[in-house]
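**Student:** return a 3D structure for these sequence lines:
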Amino acid sequence: MGDIYQFDPIPVAEIGAQDLKPVAVKNVSELLESAQRAFQAANEAQERGDKEAAYTQYSLMMELLLESDLDPTVFYNLRSEFGSILTSSTKMAKTYERIRPKEWSSEVVEMAFKSELDYPNPLNDRVLAEIRYIQTAYPKGFQYGLDRSSKYLPFIREEFRKAGLPEDLVWLAMVESQFTPRINSHAGAGGMWQFMKSTGRRYGLKSDQYVDDRYDWRKSTKASIQYMTELYDMFDRNWPLAVSGYNMGEAGVERAIARSGGERDLWKLMDSPRARIPRETKKFYPKLLASAIIANNPEKYGFTLNIQPEEIVDTMEVSGAYLIRDIERSLSLPAKTIQQLNPHLLYGYTPPNGTSTLYIPKGYRTQVAKAVSAMPQLRPDTHVVRRGETISGIAGLYKVSSRDLLQTNNIRSPRSLQIGQRLVVPGQVSSGNTGTALASVEGRSVYTVRNGDSLSRIASRNRVTVRQLQQWNSLGSKTRIHVGDRLYVAAVPKPASTPRSQQTATVASAPSGPLTIYTVRNGDYPEKIANTHGVKLNNLLAWNDLTMRSTIRVGDKLKMYNAQSTKKATLVKASPSTSSTATTHTVRRGENPSTIAKKYRIRTRDLLKWNGLTSKSIVHIGDKLYVSSSAGKQSKLTVAAATETKSTVHVVRSGENPSTIAKKYRVNLKDLYTWNGWSSDPVLQIGDQIQLRTD
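**Tutor:** Below is the predicted model:
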């Protein structure tokens with residue numbers, strides 16, 4: 001018979017009766033069920049021969065038992081049930097005995113008790129549990145952090161030494177972030193030392209729309225030293241309490257001490273139910289000690305020491321906005337060489353306002369200074385994308401090309417634009433920036449937001465209302481404005497009054513020539529479509545009731561007239577005459593294509609075809625649809641015209657592809673590709689319109 005493993009009873013006298021939690025049978029049952037499941041998983045892994053997985057599951061079971069904070073009496077009374085779990089597989093028990101550390105080496109003990117961090121002697125179950133947890137739950141993550149640490153530790157150790165802090169305290173960066181400079185927690189803490197923005201500001205870490213010093217690991221290290229020194233003094237030179245305060249907040253630790261009657265021994269506080277210390281904080285200080293023990297002797301615990309080169313840099317002060325990517329290119333440095341040294345610069349460029357610190361590779365100060373002096377600054381404008389805005393619209397607002405705007409912000413497709421995204425506007429700083437903030441774009445006054453501005457102040461200055469500003473600029477009631485934003489401060493100008501007889505000749509957007517329908521594809525935007533088909537952007541927008549701030553989506557149908565390039569457009573079978581009998585209808589509330597067709601005494605099918613719609617299309621209030629006032633005659637004329645040209649349009653249905661469509665109409669597949677301008681196999685969507693010729 002195999003060995004029997006049982007828990008020895010824990011003497012009740014070692015823990016004050018007043019500190020015991022009331023017995024909660026339900027919680028104990030859940031604990032046993034979880035432990036049993038973990039142990040079954042360990043047995044299954046053992047049977048498969050996966051010793052590492054078996055040990056992981058076995059350790060999980062032990063964690064559930066050791067960290068349960070059970071009443072010792074309950075623990076003793078249930079020892080037989082615990083014993084049945086432990087003895088249900090002697091193989092697993094022996095595996096655990098072989099793997100777990102039986103005793104600590106003399107050098108580890110010597111290291112621990114020379115430190116000021118107050119290692120318990122002997123190491124208690126909480127610290128041992130964290131050591132096992134690191135070894136089994138996230139060994140790869142710990143190894144990555146250990147590898148990264150060598151880049152930063154020389155600087156951090158020196159700063160801690162100068163401040164008189166315990167050397168092992170540097171491993172707090174392993175617990176907080178695994179030595180990652182730019183990282184955020186779910187709670188909003190950021191950087192290698194996990195500062196909240198409010199706490200960071202107390203210690204000089206600036207955080208604004210361009211820079212977040214919490215990600216500057218050198219500055220945040222110094223801020224962390226200040227904070228920990230204050231905590232150490234606040235808790236009467238007690239490092240366990242100070243470190244716990246770093247995690248829980250100093251006020252939280254003080255409340256825990258007060259609730260437990262003034263107890264200042266962290267280990268007793270963690271065992272006291274009255275202190276109500278969160279589980280995360282109970283694990284925090286033991287995890288620091290466990291991390292230091294393993295990091296100082298990595299080979300003994302299954303880890304390796306892979307030393308990376310120390311991050312050695314020069315610093316220089318830069319005034320104005322410069323793209324870091326351009327600096328790297330001018331020096332022929334690999335991409336992100338300088339960007340990785342400056343994780344605190346949020347958008348890949350130096351702030352446009354004032355002077356900022358830039359970290360550069362050691363020995364490159366002269367070359368960088370020369371490169372910066374030779375390149376133009378970015379404009380001090382940044383634009384926050386709002387609902388309905390497009391790349392072409394934003395580019396027009398700032399008088400730059402869409403292509404430059406995309407390249408400057410490393411945006412591959414205009415379709416990837418996100419509401420709230422901050423864009424840096426390319427172009428050299430002009431002398432006019434120091435003058436008036438007012439400019440003109442397409443006849444509309446535009447105001448550049450300055451420091452201290454608010455919507456009400458801008459509205460008052462330009463003699464308009466806040467509501468008008470919000471309407472003209474697509475601003476929500478809670479939208480914030482930023483320095484450098486450009487806002488319209490005037491309505492769209494009305495066209496000059498002209499005699500009625502001349503109005504049709506002066507309206508540039510009046511449709512003329514053959515109507516074609518273009519289906520918007522991935523990567524399209526209005527300016528691109530207009531250029532591709534040789535039409536003016538303003539005309540394309542007017543024909544489709546769009547503005548520079550409108551958003552188009554893949555699959556949308558756009559009307560075009562007299563397009564020079566119709567490779568991607570579809571000829572409409574039946575279109576309303578462009579004579580004086582043709583008119584447009586503005587969709588009203590409650591209307592649909594069927595009711596509109598009845599109103600004008602035309603067929604719904606013809607109305608849909610004239611406007612590039614299908615039976616599944618949805619029309620919206622304000623949409624403009626082309627109709628004919630001489631319904632019956634017009635319908636006959638359009639059908640006759642289609643018969644003369646012997647062409648038609650096929651609306652794609654479910655399951656159809658070019659091959660099946662060609663077979664249906666008994667036409668050559670190659671001709672079908674030619675008629676529709678397909679250079680490669682198209683991906684057809686339900687509702688797409690396909691041009692066909694039957695001659």
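
**Student:** tally of neighbours for the nearest residue to Met375 once chain neighbours are set aside?
**Tutor:** Spatially, and ignoring its direct neighbours in sequence, Met375 is nearest to Asp326 (6.0 Å; CB to CB, 6 or more residues apart in numbering). All C-beta spots, glycine's among them, are computed from the backbone N, C-alpha and C. For Asp326, the neighbour count with other CB atoms under 10 Å is 17.

**Student:** tell me the confidence at Asp326?
**Tutor:** Asp326 is assigned 86 on the pLDDT scale.

**Student:** what comes up buried for the helix or strand it falls within?
**Tutor:** Using DSSP states H and E, Asp326 maps to helix 324-330. Under the neighbour-count criterion of 16 or more other CB atoms under 10 Å, helix 324-330 has Ile324, Arg325, Asp326, Ile327, Glu328 buried.

**Student:** now do the contacts for Ile294.
**Tutor:** Residues in contact with Ile294 (CB atoms under 8 Å, 6 or more residues apart in numbering) are Ile131, Ile134, Gln135, Phe142, Tyr301, Phe303.

**Student:** how about Gly420, secondary structure?
**Tutor:** For Gly420, the assignment made with DSSP: H, G, I helix; E, B strand; the rest coil gives coil.

**Student:** skip the chain neighbours and tell me the closest residue to Trp472.
**Tutor:** Using CB to CB, 6+ apart and skipping residues adjacent in sequence, the residue nearest Trp472 is Tyr488, 4.3 Å away.

**Student:** my read: Val170 touches Leu153, true?
**Tutor:** Yes. The criterion here is CB atoms under 8 Å, and Val170 meets it with Leu153 at 6.4 Å.

**Student:** quick one: which of the two has more around it?
**Tutor:** Set Val170 next to Leu153 and count neighbours by other CB under 10 Å: Val170 wins out with 23 against 18.

**Student:** how about Asn410, secondary structure?
**Tutor:** coil.

**Student:** tell me which element Ala335 falls in.
**Tutor:** Element membership of Ala335, judged by DSSP H and E, is empty: it is in no helix or strand.

**Student:** output the below-cut-off pLDDT ranges for the stretch 351-500 of the chain.
**Tutor:** In the predicted model of the stretch 351-500 of the chain, residues 379-381, 427-443, 478, 483-484, 492-500 satisfy pLDDT under 70.

**Student:** compute the distance between Val535 and Tyr561, please.
**Tutor:** Note on Val535: its distance to Tyr561, by CB to CB, to the nearest Å, is 8 Å.

**Student:** can you get me a residue count around Gly262?
**Tutor:** Using other CB under 10 Å, Gly262 has 7 neighbouring residues.

**Student:** Gly49 now?
**Tutor:** Neighbourhood size, Gly49 [other CB under 10 Å]: 8.

**Student:** ok, so what distance separates it from Gln135?
**Tutor:** Per CB to CB, Gly49 is found 20 Å from Gln135.

**Student:** what's the mean pLDDT across stretch 42-62?
**Tutor:** Mean pLDDT, computed over stretch 42-62, is 74.

**Student:** ok, back up a step: Pro273: which of the buried residues of helix 324-330 is nearest?
**Tutor:** Checking the buried residues of helix 324-330 against Pro273 by CB to CB gives Ile324 as the nearest, at 52.8 Å.

**Student:** quick one: the closest one and Pro351 touch, right?
**Tutor:** No. Using CB under 8 Å as the test, Ile324 is too far from Pro351 to be in contact (11.9 Å).

**Student:** mind listing what's buried in stretch 360-371?
**Tutor:** Neighbour counts over stretch 360-371 (16+ other CB under 10 Å) mark Ile360, Pro361, Tyr364, Gln367, Val368, Ala371 as buried.

**Student:** next, the distance between the ends of it.
**Tutor:** Length of stretch 360-371, first residue to last, CA to CA, to the nearest Å: 13 Å.

**Student:** likewise for stretch 231-244?
**Tutor:** Stretch 231-244 has an end-to-end distance of 9 Å (CA to CA).

**Student:** in it, what counts as buried?
**Tutor:** So stretch 231-244, judged by 16+ other CB under 10 Å, has buried residues Leu231, Tyr232, Phe235, Asn238, Trp239, Pro240, Leu241, Ala242, Val243, Ser244.

**Student:** checking the nearest residue to the first one once chain neighbours are set aside next. Helix, strand or coil?
**Tutor:** Counting by CB to CB, 6+ apart, Ala242 is the residue found nearest to Leu231 once chain neighbours are left out, at 3.9 Å. Taken by three-state DSSP, the conformation at Ala242 corresponds to helix.

**Student:** ok, now which ones touch Ala242?
**Tutor:** Applying CB under 8 Å, 6+ apart, one finds that Ala242 lies in contact with Met228, Leu231, Tyr232, Met234, Phe235.

**Student:** which SS state does the third one fall under?
**Tutor:** In terms of secondary structure, Tyr232 is helix; the call rests on three-state DSSP.

**Student:** distance of it from Gly655?
**Tutor:** Tyr232 is 72 Å from Gly655, by CB to CB.

**Student:** next one: the first one
**Tutor:** Per CB to CB, Met228 is found 67 Å from Gly655.

**Student:** among these two, which residue is more densely surrounded?
**Tutor:** Set side by side, Met228 and Gly655 show more neighbours around Met228, with 22 against 7, by other CB under 10 Å.

**Student:** what helix or strand is the more buried one on?
**Tutor:** helix 217-234.

**Student:** buried stuff in that helix?
**Tutor:** By neighbour count on 16+ other CB under 10 Å, the buried set for helix 217-234 is 217-225, 227-228, 231-232.

**Student:** measure Glu230 to Asp265 for me?
**Tutor:** Separation of Glu230 from Asp265 (CB to CB): 21 Å.

**Student:** correction: the previous question concerned Val489.
**Tutor:** For Val489 relative to Asp265 (CB to CB), the value is 65 Å.

**Student:** so between the two, which is more surrounded?
**Tutor:** Legend: neighbour count by other CB under 10 Å for Val489 and Asp265, higher for Val489 (21 against 14).

**Student:** what's the closest non-adjacent residue to the more buried one?
**Tutor:** That would be Asn462: by CB to CB, 6+ apart, it lies 4.1 Å from Val489.

**Student:** same question, Asn544
**Tutor:** Leaving out its chain neighbours, the residue that sits closest to Asn544 by CB to CB, 6+ apart is Leu558, at 5.2 Å.

**Student:** secondary structure class of the one you found, three-state.
**Tutor:** Counting by three-state DSSP, the backbone at Leu558 sits in strand.

**Student:** do I have it right that it meets Thr516?
**Tutor:** No. Leu558 lies out of contact with Thr516 (CB under 8 Å); the separation is 9.1 Å.

**Student:** tell me, how many neighbours does His344 end up with?
**Tutor:** Per other CB under 10 Å, the neighbour tally for His344 reads 25.

**Student:** confidence score at it?
**Tutor:** 95.

**Student:** same question, Arg601
**Tutor:** On the pLDDT scale, Arg601 is placed at 78.

**Student:** how much space between it and Lys300?
**Tutor:** With distances taken as CB to CB, Arg601 is found 91 Å from Lys300.

**Student:** burial count for Tyr447?
**Tutor:** By other CB under 10 Å, 22 other residues sit near Tyr447.

**Student:** I'd guess it is in a strand, am I close?
**Tutor:** Yes. Under three-state DSSP, Tyr447 falls within a strand.

**Student:** thought it was touching Val489?
**Tutor:** Yes. Between Tyr447 and Val489 a contact is recorded at 4.7 Å, counting by CB under 8 Å.

**Student:** residue contacts, the nearest residue to Thr465 once chain neighbours are set aside?
**Tutor:** Using CB to CB, 6+ apart and skipping residues adjacent in sequence, the residue nearest Thr465 is Ala459, 5.8 Å away. Going by CB under 8 Å, 6+ apart, Ala459 touches Thr465, Val466, Gln468, Leu469.

**Student:** give me that answer again for 10 Å
**Tutor:** Ala459 makes contacts with Tyr447, Thr465, Val466, Arg467, Gln468, Leu469, Gln470, Leu487, Val489, as judged by CB atoms under 10 Å, 6 or more residues apart in numbering.
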